[in-house]
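Q: Just need the structure, nothing else, for what follows:
(one chain, ligands or ions: 1)
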Amino acid sequence: MDYKKLAEMLFPDIKETVTYYENDIFPERNLPEGARVTRLAPSPTGFIHLGNLYGAFVDERLAHQSDGVFMLRIEDTDEKRKVEGAVETIISSLKYFGLNFDEGALLDGEKGIYGPYYQSNRGPIYQCVAKYLVEQGSAYPCFCTEEELEEIRKQQAEVNVNTGYYGKWAKDRSLSLEGVQKHLDNGDEFVIRFKSNGTEEGTFEIEDAIRGKLSIHENYQDVVILKTNGIPTYHFAHVVDDHFMRVTHVIRGEEWLSTLPIHYEIFKAIGWKHPVYCHTAHLMKMDNGSKRKLSKRKDPELGLGYYMDLGYHPAAVREYLLTILNSNYEEWRIENPDSPTDDFKFTLDKMSNSGALFDLDKLNNISKDVLLKIPEDEIYEFLLNWAKGHKPEITEILENNKEEVIKLLSVGRDGDKPRKDLMYCEQIFDFISYFFDKHFKIVDSYPENINDEEAKKLLKLYLQTYDHNDDQSQWFDKIRVISHENGYAAKPKDYKKNPDMYKGHVGDVSSVIRLAIVGRSSSPDVWELQQIMGEEKVRRRIENIIK
Ligand code: GLU
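A: Purely as a prediction, here's the structure:
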């Protein structure tokens, strides 16, 4: 068979050669020894999830730790999955979490000399490589219709062999040039299939940078590499792009392991070296005592929008992700409590290959620690910024009460045992909302041993003795006196010794006061809060209850 002639018949308009792209258009990158070139290659479906962020994090760390390049390529060959604005969402979401691309499809246009970075604009490049494969006898046109393919499947089922287009079943493998010409003259649609040399029994070995040495089954199917409209399939497009974009490491989810044999064989057939593959484990969660994959349908926390809508601080999410990305991260953090996360040396061999467990409670705990290290005025700015985008109705009160909000955020954060009240913006606002009359509500109830009438009596006494200028101990002494005079132990330990002698203890009385002023049974120090709220507001809150 004259493959050159076949290639000309199929791709008469493709004049460029692989060597031309190789040498003149996409030359080797001039980077320091050991530099890694990575890419995030999402489809623009509009949904960007934690798995993308997890992978992107690995991409970014590998590239930036080695003075390499972190690139964004948009895999938009599937028209049906394209969503307007999806690329902006990808870029802005990753930027939110501190991941910035060096090259690729960026917001203000494409950056870099290895583009176009949208696969939909790289048609001639794929066609050129496909033509090359046809010339080598490693690819061929297939004119089979859906019905014919169905018929092949039926026959295969009857004789109980694997279904698919391969070996002797791949009937268009043997089309003559005349046969092809006839189809072309007829205007018949065709795909280009890769001609596999693999066998059903064959295996090969490949090193995965996360999983170690893998021994896997060869590909033996003649997969489609160009669809009828000349658009490449993922299998083919990513091979061509990763090669010409000089990508050194491909980080992608473990769902791609099953088709790795196809990619491996295509690389081999073209004569290119494949990049280092790094297949990350699925993100899992505990559900009713068993581990399962995070699901788009069941778990809102899978989407990155979830974290932005609730206002998680990017530093907290980064910190948390690192704990699930590298098993030695937490140890490093204990030894280096104040170092920036980027000082940690991220490595692929410390990644889990059996499912990374995602735990929202742990994220919240980490968030508390991370926010504790961020100065209050920065948290205020972060909160205000979040409000502008996600809760515009509170921006005005945040702006008008800047000084007080910063003070509220700071209560109890000093000392040996600092309070860790702050987790994410939505919760932070809720946490300080008692300050604003418009948002104040009593959400908890009095201690069990105190009814409404008793509470009113205690609050009346509190108001009578209240002096806004009292210092903290003068203030608390007065509460002890009220307690003592009304049958409550002035010290909890006295109550514990003789519970029958008292109605309760000073803690119960304080709870009543806390509830009247803050609306909740637990809060930072009430005296400090009162100082921030001001005398007038404190008195008004009590009066509203006792009237
Ligand atoms: N476009 C593929 C996806 O959406 C990318 C896989 C890869 O990174 O190679 O998952």
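Q: hang on, residue 37 packs against residue 68?
A: Yes. Shown here, residue 37 and residue 68 form a contact pair, counting by Cβ atoms under 8 Å, at 5.2 Å. For every residue, glycine as well, the C-beta is placed using N, CA and C.
Q: any residues in contact with both of the two?
A: 31, 248 (Cβ atoms under 8 Å, 6 or more residues apart in numbering).
Q: Can you show me the helices along the stretch 351-500 of the chain?
A: For the stretch 351-500 of the chain, the helices defined by DSSP state H, counting those that start in this stretch cover 360-372, 376-390, 395-400, 402-410, 425-432, 452-465, 472-485, 492-497.
Q: Spell out which parts of the stretch 251-400 of the chain neighbour the ligand.
A: Applying Cβ under 6 Å from any ligand atom, we find that the stretch 251-400 of the chain lies next to the ligand at residue 252.
Q: hmm, try it at 8 Å
A: 251-253, 255-256 (Cβ under 8 Å from any ligand atom).
Q: Out of these, name the ones that lie in helices.
A: When these are checked against helices using DSSP state H, none is located there.
Q: ok, of these, which one's closest to the ligand?
A: Closest approach between these and the ligand, by Cβ to the nearest ligand atom: residue 252, at 3.6 Å.
Q: if I read this right, that closest one contacts residue 279, doesn't it?
A: Yes. Counting by Cβ under 8 Å, residue 252 touches residue 279, with 6.4 Å between them.
Q: Show me what from the protein comes close to the ligand.
A: Near the ligand, when you scan the chain using Cβ under 8 Å from any ligand atom, you find 39-43, 45, 55, 75, 234, 238, 242, 250-253, 255-256.
Q: Just the buried residues from those residues, in ChimeraX please.
A: Of the residues of the chain next to the ligand, the buried ones go into a single ChimeraX selection, burial set by 16 or more other Cβ atoms under 10 Å:
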select :39,40,41,42,43,45,55,75,234,238,242,250,251,252,256
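Q: Spell out the secondary structure type for the closest residue to residue 164 other than its chain neighbours.
A: Distances taken as Cβ to Cβ, 6 or more residues apart in numbering place residue 221 nearest to residue 164, at 4.7 Å, with adjacent residues excluded. Recorded secondary structure, residue 221: coil (DSSP: H, G, I helix; E, B strand; the rest coil).
Q: From residue 260, how far out is residue 221?
A: 13 Å (Cβ to Cβ, to the nearest Å).
Q: And residue 341, by the same measure?
A: In terms of Cβ to Cβ, residue 341 sits 31 Å off from residue 260.
Q: for residue 213, same thing?
A: Using Cβ to Cβ, one gets 13 Å for the distance from residue 213 to residue 260.
Q: Which one's more surrounded, those two?
A: Counted by other Cβ atoms under 10 Å, residue 213 and residue 260 do not tie: residue 260 has more neighbours, with 22 against 8.
Q: give the contact list for the residue of the stretch 401-547 of the chain found nearest the ligand.
A: Distance from the ligand to each residue of the stretch 401-547 of the chain (Cβ to the nearest ligand atom) is smallest for residue 424, at 28.0 Å. Contact analysis of residue 424 by Cβ under 8 Å, 6+ apart lists 307, 310-313, 316, 364, 367.
Q: what's the answer for residue 184, then?
A: Contacts of residue 184 by Cβ under 8 Å, 6+ apart are residue 9.
Q: Give me the phi and psi for it.
A: phi -60, psi -40 (degrees, to the nearest 10).
Q: Once you drop chain neighbours, what's closest to residue 64?
A: Take residue 64 and drop its neighbours on the chain: the residue closest to it by Cβ to Cβ, 6+ apart is residue 70, 6.5 Å away.
Q: and that neighbour, how many residues sit next to it?
A: Neighbours of residue 70 (other Cβ under 10 Å): 23.
Q: Which elements pack onto the strand or helix carrying it?
A: Using DSSP states H and E, residue 70 sits within strand 69-72. Judged by 3 or more Cβ pairs under 8 Å, 6 or more residues apart in numbering; DSSP states H and E, the packing partners of strand 69-72 are strand 37-40, helix 50-65, strand 103-106.
Q: Could you dump these into a markdown table and include mean pLDDT?
A: Output for these, formatted as a markdown table (pLDDT from 0 to 100):
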| stretch | mean pLDDT |
| --- | --- |
| strand 37-40 | 98 |
| helix 50-65 | 95 |
| strand 103-106 | 95 |
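Q: Please identify the most buried of those.
A: Of all the helices and strands packed on strand 69-72, strand 37-40 carries the top mean neighbour count, a mean of 27, counting by mean count of other Cβ atoms under 10 Å.
Q: Determine how far that strand lies from the middle of the whole chain.
A: 16 Å (Cα atoms, centre = their mean, to the nearest Å).
Q: Packing partners of that strand?
A: helix 50-65, strand 69-72, strand 249-253.
Q: Please work out how many residues are found near residue 288.
A: 5.
Q: secondary structure class for residue 192?
A: Going by three-state DSSP: residue 192 is strand.
Q: Count the residues that sit near it.
A: Neighbour number of residue 192 under other Cβ under 10 Å is 26.
Q: Surely it and residue 138 touch.
A: No. Shown here, residue 192 and residue 138 do not form a contact pair, counting by Cβ under 8 Å, at 10.5 Å.
Q: which element is residue 207 on?
A: Per DSSP H and E: strand 203-208 holds residue 207.
Q: Residues touching that strand, excluding its own?
A: Contacts of strand 203-208 (Cβ under 8 Å, 6+ apart): 213-218, 260-261, 264, 276-279.
Q: which one among these gets closest to residue 145?
A: Minimum distance to residue 145 across the contacts of strand 203-208 is 27.2 Å, recorded for residue 261 (Cβ to Cβ).
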